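In: prediction below, plus the sequence it came from.
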Amino acid sequence: MPSTSRSSPLGPLNLPRPEPRERRVPEHLWGYVLVAPAVLLVLGLILYPVGYSFWLSLHSKHAYMPIETFIGLENFVWIWQDEDFWRSIRLGMVYAFGSLSLQIVVGVAVALLLNQTFVGRGFVRALALFPYMMPTIVVVILMRWIFNDSYGVAKFLLEGSGLMARAPVFFDPDHVMLTMILASTWTFFPFVVIGVLARLQTIDLELYAAAKVDGAGVLRQFWHVTLPQIRGVLFVIVLLRFMFMFTKFDLIWLFAGAGGLGYFVRTLPIYTFVKSFGELQVGFGAALSVIMFTMLSAFAAAYFRLFRRDEHA
């Protein structure tokens, strides 16, 4: 058997055996380990509910019955023939576009005002964000008091100022949608103020100085300097606010739905809730939610395509 020691002129040479190397986990595997909790949360809280809604939309299921019957696309066929579905789409569009338009106008105007220098500007800025920080139920109680047809502040201001001989009944079927739009505008316009004001503070003042040299007035400065600078922010705000308003549920339900006027403001989220938990048609309600999810996804995809094209232009 050969010897493990080496020989040398001075005698045999005994070398120490090398210690075995420790196996180290590759660095890229540590990345997967650290990301795994976030991936599990996304799968459990987002992807699984969405996938379950798609699966449930293909079944006929009662809310309290454990039996599920696969019916394929019949729920979607019934929805296509349902007049209340198309009515909810129209009401949702009216509510979303109406409130969004007023939020943009009021939000940009307030942002331009708060971008000026005046005494107490910091306090006024904090005060402008107050409606957005209020809980929904507080907003509903406040708005129901303001628009009350007997002792409301709106009735007093309209009749006391002489604008109207008799203020309208804000909570009747003919005016409840307009009342909802006004209440939503007051609640959510600070979101527009935050985004636009942040962008206004980064605009180079030399642009306005050059516009003044060219003889541009206030309106032309806004149209040719301010508006192009805040256009990118407005694109993002329009996308987010439209999606938020089209899927808004809590404010509408507490404001009008729970008070017996739900049919007149029954947007798609309200209609989905009524079908799922009012009439206990869970499969039909899941199909409605799938349609709403598809509509918003298509809108977002088209929006980002236009936004990307505008950036490269």
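Out: Here it is on my side, so go on. Numbering: from 1, shown residues only.
In: what ranges do the strands span in the stretch 1-150 of the chain?
Out: Remark: strands assigned in the stretch 1-150 of the chain by DSSP state E, counting those that start in this stretch are 6-8, 11-13, 59-61, 68-70.
In: outside of stretch 167-181, which residues touch it?
Out: For stretch 167-181, the surrounding residues in contact (C-beta atoms under 8 Å, 6 or more residues apart in numbering) are 91, 94-95, 98-99, 102, 143, 147-149, 152, 154-155, 158-159, 251-252, 255-256, 259, 261, 264-265. Every C-beta, even on glycine, is put in place using the N, C-alpha and C of the backbone.
In: recalculate using a threshold of 6 Å.
Out: The contact list for stretch 167-181, computed with C-beta atoms under 6 Å, 6 or more residues apart in numbering, reads 98-99, 147, 149, 155, 158-159, 256, 261, 264-265.
In: just among those residues, which is most surrounded?
Out: Ser99 (27 neighbours; other C-beta atoms under 10 Å).
In: in this structure that one contacts Met245, no?
Out: Yes. Here Ser99 reaches Met245: they are 5.2 Å apart, a contact under C-beta atoms under 6 Å.
In: neighbours of Val153, just the number please.
Out: Number of residues near Val153 (other C-beta under 10 Å) recorded here: 12.
In: what about Thr187, neighbour count?
Out: If you count neighbours by other C-beta under 10 Å, Thr187 ends up with 21.
In: contacting residues around it?
Out: Under the criterion of C-beta under 6 Å, 6+ apart, the contact partners of Thr187 comprise 131, 139.
In: and the helix or strand hosting it, how far from the chain's centre?
Out: Assigned by DSSP states H and E, Thr187 belongs to helix 176-200. Centre-to-centre, helix 176-200 and its host chain are 13 Å apart (C-alpha atoms, centre = their mean, to the nearest Å).
In: what sits closest to the spatially most central residue of the chain if chain neighbours are left out?
Out: Compute the mean C-alpha point of the chain, and by C-alpha atoms, centre = their mean the closest residue is Phe244, 3.5 Å away. Excluding its sequence neighbours, the residue lying closest to Phe244 (C-beta to C-beta, 6 or more residues apart in numbering) is Phe188, at 7.5 Å.
In: over to Gly152?
Out: Counting by C-beta to C-beta, 6+ apart, Gly152 lies nearest to Ile146, which is 5.5 Å off, once chain neighbours are set aside.
In: tell me the contacts of the one you found?
Out: 152-154.
In: helices - which of those residues land there?
Out: Members of these lying in helices (criterion: DSSP state H): 153-154.
In: sort the contacts of Ile146 by pLDDT and name the bottom one.
Out: By predicted confidence (pLDDT), the lowest-ranked of the contacts of Ile146 is Gly152, with 84.
In: got the angle for the helix or strand containing Gly232 vs helix 176-200?
Out: In this assignment (DSSP H and E), Gly232 forms part of helix 227-246. Inter-element angle recorded for helix 227-246 and helix 176-200: 140 degrees (by axes from the mean of the first three to the mean of the last three C-alpha atoms, to 10 degrees).
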